[in-house]
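Trainee: Just need the structure, nothing else, for what follows:
(one chain, ligands or ions: 2)
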Amino acid sequence: MSNAPDRAAPVPAATRLDHVGIACRDLDASIEFYRSTYGFEVEHEEVNEEQGVREAMLRVNGADDGGATYLQLLEPTRPDSPVARFLERNGEGVHHIAFGTGDVAGLAAGVGGRGVRVLDAEPRRGTAGSRIVFLHPKDCGGVLTELVQSAH
Ligand code: CMX
Ligand code: CO
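Mentor: Ligands and ions are numbered 1, 2, ... in the order given. As a prediction, this is how the structure comes out:
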């Protein structure tokens, strides 16, 4: 029997879709669109200067690990930020997806071991005290991917 690590699934695993990040030019207008069109309400709003965003989390549904799934609406706070660059190139639209996990550092190490570029050597501070790591979109089929461990 081989002692090689099981390459079928990362340990620890991602357990839910935590959020879909959407780049917008006007956060308040975007919040109003999702509220009036679908009835989604803002659960949390903050400015994250490290990421260069003013953001709102709109709760969509609960998840079976006790967490929830959100839309994350992102308005840039400065022109040199990732979201500002995205808007300049692509206009408004889906910017990234985020998978929830109980162990963001462990999952990032596992994914990095498979040759995916991990953009943050250490987890950074995300929404509401969560810990986040980004994976390079070119190693994820063109999808900018975030891993997130909630503060709870
Ligand atoms: N989704 C898919 N592809 C993307 C992308 C995105 N959001 N952003 C950039 N790319 C692509 C570019 O189009 C480019 O493709 P081509 O080479 O085919 O033209 C390639 O990735 C590399 O682009 P780049 O100019 O070298 O890199 P950027 O300066 O645009 O940076 C990235 C890209 C992913 C490294 C940067 O955006 C990053 O570090 N993001 C992580 C942080 C972040 O996005 N924070 C905001 C959200 C905060 C939160 O969720 O809380
Ligand atoms: Co995000």
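Trainee: Could you tell me whether Leu71 really is in a helix?
Mentor: No: assignment of Leu71 by DSSP: H, G, I helix; E, B strand; the rest coil gives strand, placing it outside any helix.
Trainee: Flag every buried residue along the secondary structure element (helix or strand) that Ala105 belongs to.
Mentor: Using DSSP states H and E, Ala105 sits within helix 104-112. For helix 104-112, the neighbour count (16 or more other C-beta atoms under 10 Å) marks 104, 106-108, 110-111 as buried. C-beta: built from backbone N, CA, C; applies to glycine.
Trainee: what's the answer for stretch 141-152, then?
Mentor: Buried residues in stretch 141-152, counted by 16+ other C-beta under 10 Å: 144-150.
Trainee: what does that stretch contact?
Mentor: Counting contacts by C-beta atoms under 8 Å, 6 or more residues apart in numbering, the residues outside stretch 141-152 that touch it are 14, 18-19, 21, 67, 95-104, 107-108, 111, 123, 126-137.
Trainee: give me the beta-bridge partners of the residue of the chain found nearest ligand 2?
Mentor: Nearest residue of the chain to ligand 2, counting by C-beta to the ion: Gly21, 4.1 Å away. Judged by DSSP bridges, the bridge partners of Gly21 are Gln72, His96.
Trainee: Isn't it up against Gln72?
Mentor: Yes: Gly21 is within contact range of Gln72, at 4.5 Å (criterion: C-beta atoms under 8 Å).
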